[in-house]
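Trainee: Fold the following for me, if possible:
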Amino acid sequence: MQFSNLFKASDERGPKGFSPLSMFYAVIAMRIEGIPNVSSLVRRLKSDLVFKYVCGFEVIEKTPSDSTFSRFITKLENSGLIKLIFNAEVGQAIDLGLVELESAAVDATQINAFEKPVPKSKIIDDGQHPNWGSKRDTNGNQIRWFGWKYHLICDTISGLPIGYHVTPASVHDSKAAEYLMQSFTERKIKIRPKYWMFDSGYDAVWLYETVIEKHKATPLIAFNPKGAFAAPEGFDDSLHPVCSGGYKLTYWGKDGDYLKFRCPHATGHVDCSHGMAWCSNSNYGYCLKLNWR
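Mentor: A predicted model of the protein is given here:
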């Protein structure tokens, strides 16, 4: 890996005489070791000489300071090198068959800011500074934090990340979704997902339209009741169509502008006491087609 684009040719040792490659290894090691911030990384380098040596620093040389690491990370981010490395790794994973991309899932998680939280009235809302965010965690609890959001696309088979985007915490999940999908397309990835999966925070009509019309794929988005007391007749609480027996109909693909669902008894997913005859006289079983529009 060459770092000539990060530092002047005459500055082979990087900021204040430190090796850029060693500092880069230290930043990677910080993530691998779960070190929460730069200050903790500096303390680890000072107290753990084996760790310091593995990162590429001479044991007897001075350890880079917090500010030196901060300037290096800023320079690294501005160079675009991180995304370049990430995209190269994704391409390699596809070539090795580790990523199939039959389906991709999009979600976001919180990143707390290192600086002290400030009132909303004093926030610089320019898309570059941290902001206040709020969302439900996996247990349904509403959480609030000051900082950023880490938006990810993951391959659902391998679980490997294949795209990312960082925004202030105030940016809604669905607004970052289109940027993620578009950037995925612009990187000229050789495989395109057939299905895009989202949780209920992304339940918006425009996102369905975007996935189907622009990305030529099928959106699978969890239903968000948005304060409704009950689902419409013929659907369960997750807005999945059900048969007259109350069983979930089996999704059977897309037919033009229609989503196709079949009798779960006919597809072998349930053992209905009435068989297929309860809902249809056809040997194919009951079939429901819903226009996504």
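Trainee: What residue spans form the domains of this protein?
Mentor: The chain is divided into the following domains under automatic domain parsing: 15-79, 99-115+124-221, 226-293.
Trainee: need the ones you listed in a markdown table with mean pLDDT, distance to Ala93 and mean neighbour count, can you?
Mentor: For glycine as for every other residue, the C-beta is placed from the backbone atoms N, C-alpha and C. Converted to a markdown table, the domains of the chain look like this (pLDDT from 0 to 100; distance: least, Cβ to Cβ, whole Å; neighbours: other Cβ atoms under 10 Å):
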| stretch | mean pLDDT | distance to Ala93 | mean neighbour count |
| --- | --- | --- | --- |
| domain 15-79 | 88 | 17 | 16 |
| domain 99-115+124-221 | 86 | 5 | 16 |
| domain 226-293 | 83 | 28 | 14 |
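Trainee: Determine which of the ones you listed approaches Val90 most closely.
Mentor: Ranking these by their distance to Val90 (criterion: Cβ to Cβ) puts domain 99-115+124-221 first, at 5.1 Å.
Trainee: hey, where'd the strands end up in the stretch 101-250 of the chain?
Mentor: For the stretch 101-250 of the chain, the strands defined by DSSP state E, counting those that start in this stretch cover 103-112, 131-136, 142-155, 161-168, 195-198, 218-221, 250-255.
Trainee: Which neighbouring elements make contact with the last one?
Mentor: Going back to what we said before, that points to strand 250-255. Of the remaining helices and strands, those touching strand 250-255 by 3 or more Cβ pairs under 8 Å, 6 or more residues apart in numbering; DSSP states H and E are strand 258-262.
Trainee: go on, the first one?
Mentor: Where contact means 3+ Cβ pairs under 8 Å, 6+ apart, strand 103-112 is packed against strand 131-136, strand 142-155, helix 173-186, strand 195-198.
Trainee: Recalculate using a threshold of 6 Å.
Mentor: strand 142-155, strand 195-198 (3 or more Cβ pairs under 6 Å, 6 or more residues apart in numbering; DSSP states H and E).
Trainee: From Phe24, how far off is the closest residue to Tyr195 other than its chain neighbours?
Mentor: Once flanking residues are discounted, Tyr195 sits nearest to Ser103: 3.8 Å by Cβ to Cβ, 6 or more residues apart in numbering. Separation of Ser103 from Phe24 (Cβ to Cβ, to the nearest Å): 34 Å.
Trainee: what does Glu213 give?
Mentor: Taking Cβ to Cβ as the criterion, Glu213 is separated from Phe24 by 42 Å.
Trainee: hang on, isn't Ile153 packed against Ala104?
Mentor: Yes - under the criterion of Cβ atoms under 6 Å, Ile153 lies in contact with Ala104, with a separation of 5.3 Å.
Trainee: sorry, back to before: adding distance to Arg262 as columns, could you present the strands of the stretch 101-250 of the chain in CSV?
Mentor: Listed next are the strands of the stretch 101-250 of the chain as CSV, based on distance: least, Cβ to Cβ, whole Å:
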stretch, distance to Arg262
strand 103-112, 20
strand 131-136, 33
strand 142-155, 28
strand 161-168, 31
strand 195-198, 18
strand 218-221, 16
strand 250-255, 5
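Trainee: how many neighbours does the closest residue to Asp199 other than its chain neighbours have?
Mentor: Of all residues not flanking Asp199 in the chain, Ala222 sits nearest, at 5.1 Å (Cβ to Cβ, 6+ apart). Taking other Cβ atoms under 10 Å as the neighbour definition, Ala222 ends up with a count of 14.
Trainee: For Ala222, give me the pLDDT.
Mentor: Among the per-residue scores, Ala222 holds a pLDDT of 83.
Trainee: Since that was my last question, I'll sign off now.
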